[in-house]
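[1] sequence? don't have it. structure:
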Ligand code: NAP
C-alpha cells in the first residue's frame, strides 16, 4: 500500500509549535527544535533536534523526508530560521505557513518605550531606570553587559554565558507567569524598569508593570518576510487542509 499520509514539518521551540503538533490528527507530524535548552517541553509525534545546516540542509531534509507542508512556528525573534524556511520553501516548492502569535498592544496606564533592537534598548535603558527586570532570554543578556550603572534581575530558562552585566541576579524559570508572581518579583527587588521583547502571548509581567507604574522598554519584532501567515492554531490547521489535499 502506498503511504498517503500527509506529512508536515513544524519548526518549533514555542507553545504554538507544540499545540499545532497536537492538533493535527491524521497527519504525520515531525517537530524540529534547535536544541538550545537541556530540558525542552516536547511536542507529540516525531521529533528531531538540532540545526539543518542552513537553507540547503533544510531543503534537502524537506526532499528526503517527502514533506508536504512546512510550518514555521518558531519564536517571532528567531528571524534567521524564518528566513531559511522561506528560502527552502521557495527552492523546493513545499508550501510554507508562518505561525506567529500576535504582538502586544499597549493599554491605558502603560508607559511603553518601543525600540527596534537590543542595541538601542541598551543605549536607552539608563535614562528609564537603574533596577532592571530583564526578560529578553539568555541570548539577549550580553547586549546589556557594559551597563555598570544598572542592577539587573534577569530571567531565563538556561543560565546565560558571558559577557553579562557586572551587577546581575539570575532567576532560572520558565513561564507562564502569574500577575501575582510578577508583582511579587517587581516589588521584592525594587524594580523600576522592565525590558522585554514583543513576544506576544500571556503577559503577566506587562500587567504587573502597569499596576505598579513601572516603564517598559519594548523591543520590536524583526520584520516578517513575505509568506502566508496565521496567528492561531485553528487558522493554521485550516490552511494546511487547503494547502495539502
Ligand atoms: P535563529 O537565530 O533564528 O536560528 C539560528 C539557527 O538555529 C538556525 O539557522 C538553525 O540552524 C537553528 N534553528 C533555529 N530554530 C530551529 C528549529 N526549530 N529547528 C532546527 N534548527 C533550528 O533562532 P534562535 O532565535 O536562536 O531560536 C532558537 C530556537 O529557540 C527556535 O526554535 C525558537 O523558536 C526558540 N526560541 C527563541 C526565542 C528568541 O527570543 N529568539 C525565544 C523562545 C524560543 P541551521 O541554519 O543549522 O538550520
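    Sure, I can see it. Quick caveat, the model's predicted, so the values are computed rather than measured. Numbering: from 1, shown residues only.
[2] just how off-centre is whichever strand or helix holds residue 211 within its chain?
    Element membership for residue 211 (DSSP states H and E) is helix 204-212. What separates the centre of helix 204-212 from the centre of its chain is 20 Å, taken as Cα atoms, centre = their mean, to the nearest Å.
[3] show me what it is packed against.
    When contacts are defined as 3 or more Cβ pairs under 8 Å, 6 or more residues apart in numbering; DSSP states H and E, helix 204-212 packs onto helix 179-188, strand 193-197. Placement of C-beta: from N, CA and C, glycine included.
[4] tell me what angle it forms with strand 193-197.
    Helix 204-212 and strand 193-197 meet at an angle of 150 degrees, taking axes from the mean of the first three to the mean of the last three Cα atoms, to 10 degrees as the criterion.
[5] which of the residues in helix 204-212 are buried?
    For helix 204-212, burial by neighbour count (16 or more other Cβ atoms under 10 Å) applies to 204, 205, 206, 207, 208, 209, 210.
[6] so what's residue 76 closest to, chain neighbours aside?
    Leaving aside its sequence neighbours, residue 76 sits nearest to residue 221 (Cβ to Cβ, 6 or more residues apart in numbering; 4.7 Å).
[7] for that neighbour, which residues are in contact?
    For residue 221, the contact set (Cβ atoms under 8 Å, 6 or more residues apart in numbering) comprises 76, 77, 103, 197, 198.
[8] what residues does the spatially most central residue of the chain make contact with?
    Central residue of the chain (Cα atoms, centre = their mean): residue 75, 2.7 Å from the mean position. For residue 75, the contacting residues are 13, 14, 199, by Cβ under 8 Å, 6+ apart.
[9] circling back: how about CSV for the contacts of residue 221, with distance to the ligand, pLDDT and neighbour count added?
    Formatted as CSV, those follow (distance: Cβ to the nearest ligand atom, whole Å; pLDDT from 0 to 100; neighbours: other Cβ atoms under 10 Å):
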residue, distance to the ligand, pLDDT, neighbour count
76, 8, 97, 21
77, 4, 97, 20
103, 13, 97, 15
197, 6, 98, 22
198, 11, 98, 16
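[10] strands of this protein, start to end?
    With strands called from DSSP state E, the chain shows them at 7-11, 28-33, 46-49, 69-72, 96-99, 112-115, 131-134, 151-156, 168-172, 193-197, 216-219, 229-230.
[11] low-confidence ranges, this protein, go.
    For the chain, applying pLDDT under 70 flags the ranges 1-4.
[12] excluding its backbone neighbours, what's nearest residue 212?
    Residue 212 sits nearest to residue 186 (Cβ to Cβ, 6+ apart), 5.7 Å away.
[13] what angle do strand 28-33 and the longest helix seen in the chain make with each other?
    Longest among the helix segments of the chain by residue count, using DSSP state H, is helix 79-92. Angle of helix 79-92 versus strand 28-33, following the same axes, to 10 degrees, is 140 degrees.
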